[in-house]
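>>> curious how this folds, go ahead:
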Amino acid sequence: MSSLPIPHGPASYSIKTILLATDFHGSSSIALEYAMAFASHYGARLLIVHAFELTRAAMEAELLGHAQSVSRKDRQSRLEAVAAKAQRAGITADVQLVEGEPAHAIGNAVKQYAADLL
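Next up, the predicted model:
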């Protein structure tokens, strides 16, 4: 974990849950570093969320095969790899794979998990 600038001194608020939305692109790695720094500083839990919409083919594969599509399994695996990096740094990290239009699904996750910081 790199040393990123984090505010020092007494805080008049507490941060218990940080929600990190990821699309697995390169900039998400930078966001992860910041989220980890904040989680470490505040002793907060890091909830890593990936929102997605399945393709029609993947939906059909799941319905017909009664199993998760390769696409869903890949996304879950990638989420778990991101969480493992945070966990190796001593941060409590959980993952949530949510299906739906990303902006809407992430907004719902913020409310559902009472995230203090997005």
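>>> from A114, how far off is the spatially most central residue of the chain?
By C-alpha atoms, centre = their mean, the mean C-alpha position of the chain lies nearest to I48, the distance being 1.5 Å. Relative to A114, I48 is positioned 16 Å away (C-beta to C-beta, to the nearest Å). C-beta coordinates here come from the backbone N, C-alpha and C atoms, glycine included.
>>> related to what we said a few turns ago, and the residue nearest to the centre of the chain, that one's in a strand?
Yes. Applying DSSP: H, G, I helix; E, B strand; the rest coil, one finds I48 inside a strand.
>>> return the set of residues that bridge with it.
I48 has these beta-bridge partners by DSSP bridges: L20, V95.
>>> ok, it touching T92?
No. With contact defined as C-beta atoms under 8 Å, I48 does not reach T92; the gap is 11.2 Å.
>>> for the chain, longest helix please?
If you go by DSSP state H, the chain has its longest helix at helix 70-88.
>>> which residues does that helix contact?
By C-beta atoms under 8 Å, 6 or more residues apart in numbering, the residues outside helix 70-88 that reach it are 22, 24, 28, 32, 35-36, 39, 46, 48, 50, 52, 54-55, 58, 61-62, 68, 93-97.
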